[in-house]
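# Show me how the following folds:
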Amino acid sequence: MTIAVCPGSFDPFTLGHLDVVRRARRLVPEVVVGVARNSSKSSLLTLDERLDVARAAVAGLAGVRVEPVPGLLVDFCREIGATVVVKGLRGGADYDAEVPMALMNRHLAGVETVFVVGDGALAHVASSLVKDVARFGGPIDDLVPPGVGDVVRAALARRAADADPARPRTARPSEEPR
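Next comes the predicted model:
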(Lines give C-alpha, C1' and ligand atoms only; values in the text may rest on other atoms or scores of the structure.)
Protein backbone atom coordinates (compact mmCIF):
# COMPACT_ATOMS: atom_id res chain seq x y z
CA MET A 1 0.00 0.00 0.00
CA THR A 2 1.29 3.45 -0.88
CA ILE A 3 1.57 5.85 2.03
CA ALA A 4 1.97 9.59 1.40
CA VAL A 5 3.06 12.23 3.88
CA CYS A 6 1.65 15.76 3.79
CA PRO A 7 4.23 17.57 5.91
CA GLY A 8 4.14 21.04 7.40
CA SER A 9 4.40 23.09 10.54
CA PHE A 10 0.64 23.78 10.38
CA ASP A 11 0.86 26.87 12.57
CA PRO A 12 -2.13 26.96 12.25
CA PHE A 13 -3.83 24.31 10.12
CA THR A 14 -5.85 26.07 7.40
CA LEU A 15 -8.53 25.22 4.87
CA GLY A 16 -5.73 25.24 2.27
CA HIS A 17 -3.96 22.47 4.18
CA LEU A 18 -7.20 20.50 4.42
CA ASP A 19 -7.69 20.86 0.65
CA VAL A 20 -4.22 19.40 -0.03
CA VAL A 21 -4.81 16.49 2.38
CA ARG A 22 -8.12 15.67 0.66
CA ARG A 23 -6.46 15.78 -2.77
CA ALA A 24 -3.60 13.57 -1.56
CA ARG A 25 -6.07 11.04 -0.17
CA ARG A 26 -7.67 10.73 -3.62
CA LEU A 27 -4.23 9.73 -4.97
CA VAL A 28 -3.15 7.16 -2.36
CA PRO A 29 -4.86 4.82 0.12
CA GLU A 30 -3.20 6.31 3.21
CA VAL A 31 -2.11 9.85 4.07
CA VAL A 32 -0.14 10.87 7.12
CA VAL A 33 -0.27 14.54 8.04
CA GLY A 34 3.24 15.06 9.41
CA VAL A 35 3.35 17.94 11.89
CA ALA A 36 6.92 19.19 12.05
CA ARG A 37 8.93 21.83 13.83
CA ASN A 38 10.40 24.42 11.51
CA SER A 39 13.63 25.73 13.00
CA SER A 40 13.44 28.86 10.85
CA LYS A 41 10.01 29.82 12.21
CA SER A 42 8.83 30.84 15.66
CA SER A 43 5.62 28.90 16.27
CA LEU A 44 2.57 30.55 17.79
CA LEU A 45 0.96 27.22 18.66
CA THR A 46 2.67 24.49 20.65
CA LEU A 47 3.34 21.16 18.95
CA ASP A 48 0.51 19.59 20.98
CA GLU A 49 -1.90 22.33 19.87
CA ARG A 50 -0.88 21.90 16.23
CA LEU A 51 -1.35 18.13 16.47
CA ASP A 52 -4.76 18.54 18.14
CA VAL A 53 -6.16 20.99 15.59
CA ALA A 54 -4.84 18.92 12.67
CA ARG A 55 -6.42 15.75 14.13
CA ALA A 56 -9.74 17.53 14.61
CA ALA A 57 -9.61 18.90 11.04
CA VAL A 58 -9.07 15.48 9.43
CA ALA A 59 -11.16 13.44 11.86
CA GLY A 60 -13.82 12.65 9.26
CA LEU A 61 -11.40 11.59 6.51
CA ALA A 62 -10.92 7.84 6.10
CA GLY A 63 -7.32 6.79 5.54
CA VAL A 64 -5.85 9.95 7.07
CA ARG A 65 -3.97 10.22 10.34
CA VAL A 66 -1.81 12.86 12.03
CA GLU A 67 1.64 12.22 13.52
CA PRO A 68 4.49 14.40 14.80
CA VAL A 69 7.68 14.50 12.72
CA PRO A 70 10.51 14.36 15.28
CA GLY A 71 13.42 15.12 12.94
CA LEU A 72 14.21 14.86 9.25
CA LEU A 73 11.21 14.27 7.03
CA VAL A 74 12.99 11.50 5.13
CA ASP A 75 13.68 9.62 8.38
CA PHE A 76 10.00 9.93 9.27
CA CYS A 77 9.03 8.64 5.82
CA ARG A 78 11.32 5.60 6.25
CA GLU A 79 9.92 4.94 9.73
CA ILE A 80 6.28 4.84 8.56
CA GLY A 81 6.96 3.27 5.14
CA ALA A 82 5.95 6.33 3.11
CA THR A 83 7.34 6.56 -0.40
CA VAL A 84 5.88 9.88 -1.45
CA VAL A 85 5.51 13.39 -0.09
CA VAL A 86 2.54 15.47 -1.25
CA LYS A 87 2.83 19.24 -1.14
CA GLY A 88 0.33 21.88 -2.19
CA LEU A 89 1.22 24.78 -4.44
CA ARG A 90 -0.54 28.13 -4.49
CA GLY A 91 1.72 29.64 -7.12
CA GLY A 92 5.21 29.97 -8.53
CA ALA A 93 6.79 31.18 -5.29
CA ASP A 94 5.65 27.99 -3.53
CA TYR A 95 7.12 25.91 -6.36
CA ASP A 96 10.44 27.75 -6.15
CA ALA A 97 10.61 27.14 -2.39
CA GLU A 98 9.54 23.49 -2.57
CA VAL A 99 11.73 22.17 -5.42
CA PRO A 100 15.04 22.28 -3.48
CA MET A 101 13.41 20.39 -0.59
CA ALA A 102 11.96 17.81 -2.99
CA LEU A 103 15.35 17.30 -4.60
CA MET A 104 17.04 16.94 -1.20
CA ASN A 105 14.45 14.38 -0.06
CA ARG A 106 15.02 12.37 -3.23
CA HIS A 107 18.80 12.64 -2.78
CA LEU A 108 18.74 11.56 0.87
CA ALA A 109 16.21 8.74 0.70
CA GLY A 110 14.72 8.32 -2.76
CA VAL A 111 11.44 9.83 -1.55
CA GLU A 112 9.54 11.43 -4.40
CA THR A 113 7.48 14.59 -4.06
CA VAL A 114 4.17 15.13 -5.82
CA PHE A 115 2.86 18.67 -6.13
CA VAL A 116 -0.85 19.34 -6.24
CA VAL A 117 -2.28 22.67 -7.22
CA GLY A 118 -4.46 23.99 -4.43
CA ASP A 119 -7.97 25.30 -4.81
CA GLY A 120 -7.75 28.73 -6.43
CA ALA A 121 -10.37 30.03 -3.99
CA LEU A 122 -7.86 29.37 -1.19
CA ALA A 123 -4.72 30.67 -2.91
CA HIS A 124 -4.56 33.65 -0.54
CA VAL A 125 -4.72 31.47 2.58
CA ALA A 126 -1.36 31.04 4.32
CA SER A 127 -0.74 30.28 7.98
CA SER A 128 1.40 33.40 8.37
CA LEU A 129 -1.36 35.61 6.97
CA VAL A 130 -3.99 33.92 9.16
CA LYS A 131 -1.86 34.70 12.23
CA ASP A 132 -1.34 38.30 11.12
CA VAL A 133 -5.07 38.86 10.59
CA ALA A 134 -5.87 37.29 13.97
CA ARG A 135 -3.12 39.30 15.69
CA PHE A 136 -4.95 42.49 14.73
CA GLY A 137 -8.41 41.20 15.64
CA GLY A 138 -9.54 40.35 12.12
CA PRO A 139 -11.82 37.46 11.23
CA ILE A 140 -10.13 34.12 10.47
CA ASP A 141 -12.85 31.53 11.03
CA ASP A 142 -13.59 31.34 7.28
CA LEU A 143 -9.91 30.51 6.60
CA VAL A 144 -9.45 27.63 9.04
CA PRO A 145 -11.34 24.46 10.02
CA PRO A 146 -13.86 24.74 12.88
CA GLY A 147 -12.27 25.40 16.27
CA VAL A 148 -8.88 26.47 14.94
CA GLY A 149 -9.71 30.17 15.20
CA ASP A 150 -10.42 29.79 18.92
CA VAL A 151 -7.08 28.04 19.48
CA VAL A 152 -5.23 30.78 17.57
CA ARG A 153 -6.93 33.57 19.51
CA ALA A 154 -6.18 31.82 22.82
CA ALA A 155 -2.52 31.42 21.85
CA LEU A 156 -2.29 35.09 20.90
CA ALA A 157 -3.87 36.09 24.23
CA ARG A 158 -1.41 33.81 26.07
CA ARG A 159 1.52 35.35 24.19
CA ALA A 160 0.30 38.89 25.00
CA ALA A 161 -0.08 37.98 28.68
CA ASP A 162 3.42 36.45 28.71
CA ALA A 163 4.82 39.65 27.18
CA ASP A 164 3.19 41.89 29.81
CA PRO A 165 6.00 42.76 32.26
CA ALA A 166 3.44 43.47 35.02
CA ARG A 167 2.21 39.85 35.00
CA PRO A 168 4.13 36.99 36.62
CA ARG A 169 5.47 34.57 34.01
CA THR A 170 4.29 30.99 33.87
CA ALA A 171 5.50 28.25 31.54
CA ARG A 172 3.13 26.92 28.92
CA PRO A 173 2.48 23.19 28.87
CA SER A 174 4.57 21.54 26.14
CA GLU A 175 6.35 24.82 25.45
CA GLU A 176 8.75 24.60 22.56
CA PRO A 177 12.16 26.25 22.76
CA ARG A 178 12.38 29.58 20.96
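# Every contact and neighbour count from this point should use C-alpha atoms.
Noted.
# how would you label Asn38: helix, strand or coil?
Under DSSP: H, G, I helix; E, B strand; the rest coil, Asn38 falls in the coil class.
# what residue ranges in the chain score low on pLDDT?
Residue ranges of the chain with pLDDT under 70: 165-178.
# from the chain's centre, how far out does stretch 13-30 sit?
Chain-centre distance of stretch 13-30: 12 Å, with CA atoms, centre = their mean, to the nearest Å.
# no, scratch that, I was asking about stretch 1-19
Chain-centre distance of stretch 1-19: 6 Å, with CA atoms, centre = their mean.
# Give the next helix or strand downstream of the helix or strand harbouring Ala93.
Secondary structure from DSSP states H and E places Ala93 in helix 92-109. Next helix or strand after helix 92-109 toward the C-terminus (DSSP H and E): strand 112-117.
# For that next one, which outside residues touch it?
Applying CA atoms under 8 Å, 6 or more residues apart in numbering, the contact partners of strand 112-117 are 20, 23-24, 83-90, 102, 105-106.
# Restricted to helices, list those.
Among those, the members found in helices (DSSP state H) are 20, 23-24, 102, 105-106.
# and the residue lying closest to Val53 once chain neighbours are set aside, what is it in contact with?
Among residues not flanking Val53 along the chain, Val148 sits closest, at 6.1 Å (CA to CA, 6 or more residues apart in numbering). Shown in contact with Val148 (CA under 8 Å, 6+ apart): 12-13, 53, 141.
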